[in-house]
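J.: structure of the sequence below:
(chains A and B)
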Number of protein chains: 2
Amino acid sequence: MGEPLRRIVLNMQHEDIMNLEQLDTPAAIVDIARMQRNIDAMQARMNALGVKFRPHVKTTKCVDVVRAQIAAGAQGITVSTLKEAEEFFAAGITDILYAVGIAPAKLPRAMALKRRGCDLKIIADNAAAASAIVEFCKAANDTFEVWLEVDTDGHRSGIAPDDEALLTIGRILREGGVEVGGVMTHAGSSYELSDPEALTALAEQERAGCVRAAERLRAAGIACRTVSIGSTPTAFAAKHLEGVDEVRAGAYVFFDLVMANVGVCDSGDIALSVLTSVIGHQAEKGWVIIDAGWMAMSRDRGTSKQTRDYGYGLACALDGTPLAGCALIGANQEHGILAVERENATSIDELAKRFPVGMKLRILPNHACATGAQYPEYHALDRDGSTVVWRRFHGW
Amino acid sequence: MGEPLRRIVLNMQHEDIMNLEQLDTPAAIVDIARMQRNIDAMQARMNALGVKFRPHVKTTKCVDVVRAQIAAGAQGITVSTLKEAEEFFAAGITDILYAVGIAPAKLPRAMALKRRGCDLKIIADNAAAASAIVEFCKAANDTFEVWLEVDTDGHRSGIAPDDEALLTIGRILREGGVEVGGVMTHAGSSYELSDPEALTALAEQERAGCVRAAERLRAAGIACRTVSIGSTPTAFAAKHLEGVDEVRAGAYVFFDLVMANVGVCDSGDIALSVLTSVIGHQAEKGWVIIDAGWMAMSRDRGTSKQTRDYGYGLACALDGTPLAGCALIGANQEHGILAVERENATSIDELAKRFPVGMKLRILPNHACATGAQYPEYHALDRDGSTVVWRRFHGW
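T.: Here you go, the predicted model:
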């Protein structure tokens, strides 16, 4: 029995899987050293800019990651669902901004969390939601801290900084006895840019628009303590953050190929990868078949409209080095098709020799938030090559 | 306190959520009547064609759905991961085909399942995997039933029916004491078609190629009892299935917009939908913001290259009726952008009147397999409007 087989048979008895060679595939691998470097770099930047940092935890949905962010200096978290708020509150985090406009039917669930001691802030960008919050608070004989969502780049939701609705909504809340605790914006259109000057301009537009909204509210007698802005690209592009209290960003913690195309990281900064095994070949086509399909990578094709299209991800050797001349051109549910350029594999034998069945590879994802969501857990890879399981949660 | 608010407050005390109006959003809804109709239609067709039916359960990963398929006459199941095999074996299903080429490192886990009594069939399409199976079985002093994967349309993996490798691999297994129990193929390129004649031609190509592979193996003295073929489109397009023992299909159970574009269902047959709430508007753009983003719909844009591009899904009223003049044009993680044509909403007031904050909608998905995977559970909707939770599992 050869050495690889001996290891496989031994593994039947010992399930303490420890290194990448021993992990079952596909698996989501977090490079702890890269992640920590990303966390430290963002926190240092925020400290230098003189603002608090409130990471968006929707990227990872993982308590182990968020603890590292808080240990580095983050103050509070941003969530995209009440499930995230509940899970992170259960893990001991109390200062939570739920940064998606509240649907009135979610108010009871939000209130239940607040009553358990969570300092939960909710957001609104329209009069109907503000009225529902007021009415709900009266009925419940309790209150919420509400932040108003400001639209600084037109990409999604929010109220334009100079829109009369901003004051109308602020007044509905104040007159209903509900505190307007702040304004928040997210310049998500930054994901579509790659030019440093355009990014800096958008960062300034995001800052100035949100500060302007706060000033208008304050001039109308609505306190609005906090100005909260951010996206990973604008957080890196901002020259100054005058008038801003805190920045939010999520993707920076792992980065991904979309962010590499935007220009805020290199592929060597990407902390999330998918571990996969070669399961076959279609040698005459130059294809290596791997067990990472779209279920393992997600269907996110965010790089398809950027300067470099990575297909379903960037294939790397087990040590994380990108493989030249390879492209993950296709994905079925549990099959990935890795196309190898002809000059790198001119014959069936050469392809199978370079990528033998059972060989493990790592694939960097287009979009870390989407790829992570496909997994119940990460395997966090330490410098010594050992891994430990970090649970992540799923659903709403 | 108005009636909607009264219901919300009442729900704080009573968590026995029962109908669509009361469910939290986003949620994955299965229309039981449509699902049962789809199951019955496919089973009737397979019975008429004189073949067994082995549904692919990767679409749903849900024991409740699979029990309905088996109750209708399905014989055994197809899985895409060992996790599916383990979960469905735990639910009492023993006849399981694991229809992704085995990575040698997965053999111990597969063997553990077999030793617990599962009639697990594994597949291979290359000599390296066949040799690893043989060596593993010798070391483990046990055996597997192996089926050979045949490539009948060039879309992914498998051995071409006339490739010499077919017999080479068959002989490696037989001479190593491992039974070649069958041949299997999947004409997945059928998803790219929409012309009925082309579909029928591909179905015949799939049938004939797989039967040819079996005949070659049998002529070489390799028993190869079972000929297994199938995809949802070819299962509907086949005129006869001479020489075939069983058909596999997955998507048919829920159908989706990709299948509607292929032409094998109508939108009224689609049994999976995403329940969502309106959370805001950008009225001057004609946008309704909903709480179903790509996390709720998946990033699958499978209809983008088909005759009709549905964006991130087809918006319907709560009763399932498609909404004219609306398109889900954008999706962030927890935000969807539903664009409403101007003639349907000429003013801010009209848009908010037609789609008030808190209104619930249902979105039909591009790809049921991808959308379902975003959820820990389905809410199965009965004819009386009540729902029950059907768990689905996640990960590998």
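
J.: for the nearest residue to A:Gly182 once chain neighbours are set aside, give me its contacts.
T.: With sequence-adjacent residues excluded and distances taken as Cβ to Cβ, 6 or more residues apart in numbering or on different chains, A:Gly182 is closest to A:Thr226, at 3.2 Å. Glycine gets a C-beta too; all of them are placed from N, C-alpha and C. Neighbouring residues of A:Thr226 by Cβ atoms under 8 Å, 6 or more residues apart in numbering or on different chains: A:Trp147, A:Gly181, A:Gly182, A:Val183, A:Met184, A:Asp245, A:Glu246.

J.: likewise for A:Ala27?
T.: A:Val274, A:Leu275, A:Tyr375, A:His379, B:Trp396.

J.: most residues in a single helix of chain A, which one?
T.: Ranked by residue count and defined by DSSP state H, the top helix of chain A is helix A:196-219.

J.: do a quick rundown of the strands in the stretch 151-300 of chain A.
T.: A:179-184, A:226-229, A:246-247, A:272-282, A:287-290 (DSSP state E, counting those that start in this stretch).

J.: for B:His240, find the nearest of the ones you listed.
T.: Closest of these to B:His240 is strand A:272-282, at 29.3 Å (criterion: Cβ to Cβ).

J.: show me what that closest one is packed up against.
T.: Packing partners of strand A:272-282 (3 or more Cβ pairs under 8 Å, 6 or more residues apart in numbering or on different chains; DSSP states H and E): strand A:27-31, strand A:287-290, helix A:294-297, helix A:348-354, strand A:360-364, helix A:368-372.

J.: same thing but 6 Å
T.: strand A:27-31, strand A:287-290, strand A:360-364 (3 or more Cβ pairs under 6 Å, 6 or more residues apart in numbering or on different chains; DSSP states H and E).

J.: domain assignment for chain A?
T.: Per automatic domain parsing, the domain ranges recorded for chain A read A:3-29+A:265-391, A:33-254.

J.: which residues are contacting the longest helix of chain A?
T.: Residues outside helix A:196-219 that contact it (Cβ atoms under 6 Å, 6 or more residues apart in numbering or on different chains): A:150, A:152, A:161, A:166, A:170, A:183, A:185, A:187, A:190, A:193, A:224, A:227, A:229, A:233-234, A:237-238, A:241, A:243-244.

J.: stretch A:76-85 too?
T.: Identification of contacts with stretch A:76-85 by Cβ under 6 Å, 6+ apart yields A:54-58, A:88, A:93, A:95-100, A:109, A:113, A:248, A:396, B:333-334.

J.: hmm, back to that, for A:Val66, find the nearest of the helices and strands packed on strand A:272-282.
T.: Comparing the helices and strands packed on strand A:272-282 against A:Val66 with Cβ to Cβ, the closest turns out to be strand A:27-31 (12.7 Å).

J.: what angle sits between the very next helix or strand once past that closest one and strand A:272-282?
T.: Using DSSP states H and E, the helix or strand that follows strand A:27-31 in sequence is helix A:32-49. With axes from the mean of the first three to the mean of the last three Cα atoms, to 10 degrees applied, the angle from helix A:32-49 to strand A:272-282 works out at 140 degrees.

J.: A:Ser51: what's it in contact with?
T.: Careful, residue A:51 is Val and not Ser. Residues in contact with A:Val51 (Cβ under 6 Å, 6+ apart) are A:Leu241, A:Val244, A:Glu246, A:Val247.

J.: for stretch A:302-313, the averaged confidence score.
T.: Stretch A:302-313 comes out with an average pLDDT of 97.

J.: buried stuff in it?
T.: Within stretch A:302-313, the residues that count as buried by 16 or more other Cβ atoms under 10 Å in any protein chain shown are A:Gly302, A:Thr303, A:Gln306, A:Tyr310, A:Gly311, A:Tyr312, A:Gly313.

J.: out of these, which is nearest to chain B?
T.: Comparing the buried residues of stretch A:302-313 against chain B with Cβ to the nearest Cβ picks out A:Gly302 as the nearest, at 8.2 Å.

J.: that closest one touches A:Val258, doesn't it?
T.: Yes. Checked against Cβ atoms under 6 Å, the pair A:Gly302 and A:Val258 is within contact range at 4.3 Å.

J.: so what sits against both of these two?
T.: A:Asn366, A:His367.

J.: state the distance from the residue nearest the centre of chain A to B:Ser298.
T.: Chain A has A:Thr59 as the residue nearest its centroid, 2.5 Å off, counting by Cα atoms, centre = their mean. A:Thr59 sits at a distance of 17 Å from B:Ser298 (criterion: Cβ to Cβ, to the nearest Å).

J.: name the nearest residue to the residue nearest to the centre of chain A, ignoring sequence neighbours.
T.: Closest residue in space to A:Thr59, ignoring its immediate chain neighbours: A:Gly250 at 4.0 Å, by Cβ to Cβ, 6+ apart.

J.: list the residues that contact the one you found.
T.: Per Cβ under 6 Å, 6+ apart, neighbours of A:Gly250: A:His56, A:Lys58, A:Thr59.

J.: cool, A:Arg391 as well?
T.: A:Arg391 neighbours (Cβ under 6 Å, 6+ apart): A:Glu377.

J.: which pLDDT value goes with it?
T.: Listed pLDDT for A:Arg391 reads 98.

J.: likewise A:Glu341?
T.: The model reports A:Glu341 with a pLDDT of 89.

J.: burial measure for it, as a count.
T.: 11 (other Cβ atoms under 10 Å in any protein chain shown).

J.: from chain B, how far out is it?
T.: Distance, A:Glu341 to chain B, by Cβ to the nearest Cβ, to the nearest Å: 19 Å.

J.: now check stretch A:254-262, is it near chain B?
T.: No. Stretch A:254-262 lies apart from chain B when judged by Cβ under 6 Å from any Cβ of the partner chain; the minimum separation is 11.9 Å.

J.: which residues does A:Lys145 contact?
T.: Heads up, residue A:145 is Glu, not Lys. A:Glu145 sits in contact with A:Lys121, A:Glu179, A:Gly181, where contact means Cβ under 6 Å, 6+ apart.

J.: among the contacts of stretch A:76-85, which lie within helices?
T.: A:Phe88, A:Arg109, A:Leu113.

J.: between those, identify the one with the most neighbours.
T.: Of all the ones in helices among the contacts of stretch A:76-85, the highest neighbour tally under other Cβ under 10 Å goes to A:Phe88, namely 23 neighbours.
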